[in-house]
Structure formats: structure tokens, C-alpha cells
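*Asks:* build me a model from this:
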Amino acid sequence: MKALQIPRPGRFEIVDVPRPEPYADEVIVEIKAINSCTHWDLTVWDGIDLFGRAGHPIYPYPVGSPGHELSGVVVERGDQVTTVQVGDRVAYWGSPPGTRSFRPSGRAYGGYVQFYATHERSVLPFPEGLSWREMAMLEMLSCVGQGVVRAGDLTGQRVAVSGMGPAGLMMLQALKTLGPESLTAIDVQPDRCELAVSLGADRAVRPGSKDWADLREDEFTLSVDCSGVPAAIEGDLEHTAGRLIIFSVPEADFRVPQAARRRGTTIEYTRTPAGRPGKYARHLLVSGQVNVKPLLTHEIPIEEFDKGIDLLRRREAIKVTFDMGN
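*Replies:* From the prediction side, this is the model:
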């Protein structure tokens, strides 16, 4: 079958590898859509480890990796699988805490492949209605959902979300369903700000603008960073009297202003003991409370992977869907 591999930074190859066979607890998914993961794809392409681990990334990078935002049809299943059937339309979302796979060395391949082997509990079935591309947003929205769970009750809260990439735009919509007092989007790009307002933000503010300069120190009671940019995180802290939740993986260390300490603003992260809320994320997609269509800006063949990387780097694309040829 066809697969993508990154043999070294800045290079990719389309390789032919054996189609995986399912272990007893696995399903084989014929990939119909796989979406880019901006931060991960770009860092692997650049030879940088997303999580700051010494000695990583290691090349050649594993076949099919770092692809993981995918949807497709179950075409085969192991003899102990009970949660999905052959023919089901499914999307990958992650794995419940404590799941132990029979496969001794993790997944056979990453997601940039034509046929993907994964644990049965790592995919969720979908009804007819959503496109493959929309379904493939489940994994990222499941991650975003941890931030929503962490945020909790938003009654009376003045909320800001910084970074209007795909995560920020989904976070904004999901938090909107909890009825905050106000909801502000923060981004440097005017078009991203306009999109955020069209998706439910009460307003959008660009750092460096007059509106930004007019923000009070206690403008927000809750901020959620989805940018990973240290300056953006510092900006959130300068205008938040309450809580800052960091969904992003920060690109570098950031400074905590003295004013944040004086106001008692806390810094939290989005991991939760129960793991990603996959079924909640599926509900947000199926119900239309989170609209991902405007985020799916480009669709190209996997053979043009470098073009997709370039579109993401220039921020011309929000999400790129790669066609594996199935």
C-alpha cells in the first residue's frame, strides 16, 4: 500500500509498504481523509521535536507519521473486536486511559497511509451526514475538549481565546456552548479575526491595535491559549485576573508578569485524568455546535505533501486534507 515517510528534515517520500494485518483487538481503516496537524507536521519537517525531547526527532521518521487526524471505513477487524463493525464510518480520536493493545510495539504505521491499523476503542462510528474531512477533525476536537472540560462552568465569565488556528477556532465554538458572559478572540491576522467573529466570538482583538491597548488588566477572568507563542501567552497573562489554561505546546519559555502574581492568576494545562472526551467531541461535530467546514481550506494529494507544508507555514491554509488515493 502507499504511505508517506519523512527520511530527513525537509524531505518526504511516497513508499510502498505491506498492508497491516489486525491484531485481535484492532480494526483496519481504509483512509478516506487525513488532515494536517500544523504544529506537529511543521516541527517534524523542520527537524524539531514538538515536545522538546533531547535526541528527537529520529529519522527516518516512522512510516505514516506524524499523521493521526483521520477518518475512513472499517474494512477488517480482529476476532475480539465488539465496538465497531466492518463497513462502519469511523474517525480516530485517541485511546481511553488504561487501554492496553495486544500489538507489542504500538501501531503498525502512522496515519499517512492507505490502510490504518488501530485499537478498536481508538475510533468512533459516525452517522451519515458529515463529510470524511469533517469527521477527521474528531481527534483534534477531542484534544480541544479537554480544555473545555478544564474550563468548567463559564457562567458570568469573561473568556478570551488566543490563537485562531484550527484549535483556537474550535475551542472558541465549544466554549460558546457553555454560555460565557463574553467571548473574545485574539489573533494577529485580520482574516482569522473575521472568521472567529463569524463563528461566534463577540469580538476579535489584534495585539498591537488600539483595542488591545485599551484592554484592562482584569479584562478576562479566563484565557485559553491555543497559539503556543510565548508573547501571546504573556499577553493573556497581562489581561487576565483569574485563570489561564494553556492548550498549546509553547514554542519556548514565557515570562509571567508580576501583575499576574499580584492578581493571583493561575496557570493550568489541559490534560485531564479521564483523558480526551472523544464522545463529547463527536457530539459537538454531529450536532453542528462546532462547525469545522470553514477550517478545511485545502485538499491535495499526499504526493504534494510539501505543498501542504508550505501552505501551513505561510498561514494560507488552516487545515490541509491529504488524499491517500482511496
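
*Asks:* do a quick rundown of the strands in the stretch 51-200 of the chain.
*Replies:* Secondary structure of the stretch 51-200 of the chain, counting by DSSP state E, counting those that start in this stretch: strands at 69-77, 89-92, 115-119, 123-125, 158-162, 182-186.

*Asks:* kindly apply the preceding question to the stretch 201-326 of the chain instead.
*Replies:* Under the criterion DSSP E, counting those that start in this stretch, strands of the stretch 201-326 of the chain are mapped to 203-205, 220-225, 240-246, 266-269, 296-301, 319-323.

*Asks:* now the ones you listed as a markdown table including mean pLDDT, distance to residue 308 and mean neighbour count?
*Replies:* From N, CA and C alone the C-beta is placed, and that goes for glycine too. Below are the strands of the stretch 201-326 of the chain laid out as a markdown table (pLDDT from 0 to 100; distance: least, C-beta to C-beta, whole Å; neighbours: other C-beta atoms under 10 Å):
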| stretch | mean pLDDT | distance to residue 308 | mean neighbour count |
| --- | --- | --- | --- |
| strand 203-205 | 98 | 27 | 20 |
| strand 220-225 | 98 | 25 | 26 |
| strand 240-246 | 97 | 27 | 21 |
| strand 266-269 | 94 | 29 | 14 |
| strand 296-301 | 98 | 6 | 16 |
| strand 319-323 | 98 | 4 | 24 |
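
*Asks:* residue 164 is nearest to which of those strands?
*Replies:* Closest approach to residue 164 among these (C-beta to C-beta): strand 203-205, 7.8 Å.

*Asks:* what helices and strands are in contact with that closest one?
*Replies:* With contacts defined as 3 or more C-beta pairs under 8 Å, 6 or more residues apart in numbering; DSSP states H and E, the secondary structure elements packing on strand 203-205 are strand 182-186, helix 190-198, helix 210-213.

*Asks:* among the ones you listed, which is nearest residue 90?
*Replies:* Distances from residue 90 to each of these were compared by C-beta to C-beta, and the smallest falls on helix 190-198, at 28.7 Å.

*Asks:* quick one: contacts of the closest one?
*Replies:* Contacts of helix 190-198 from elsewhere in the structure, counted by C-beta atoms under 8 Å, 6 or more residues apart in numbering, are 161, 164-165, 168-169, 172, 185, 187, 203-206, 294.

*Asks:* again, only using 6 Å
*Replies:* Helix 190-198 is contacted by residues 164, 172, 185, 187, 204 when judged by C-beta atoms under 6 Å, 6 or more residues apart in numbering.

*Asks:* now the third one. Nearest residue, chain neighbours left out?
*Replies:* I take that to be residue 185. Counting by C-beta to C-beta, 6 or more residues apart in numbering, residue 185 lies nearest to residue 196, which is 3.5 Å off, once chain neighbours are set aside.

*Asks:* hmm, back to that, for residue 233, find the nearest of the strands of the stretch 201-326 of the chain.
*Replies:* Nearest to residue 233 among the strands of the stretch 201-326 of the chain is strand 220-225; the distance by C-beta to C-beta comes to 5.1 Å.

*Asks:* tilt between the closest one and strand 240-246?
*Replies:* Note on geometry: by axes from the mean of the first three to the mean of the last three C-alpha atoms, to 10 degrees, strand 220-225 and strand 240-246 are set 20 degrees apart in direction.
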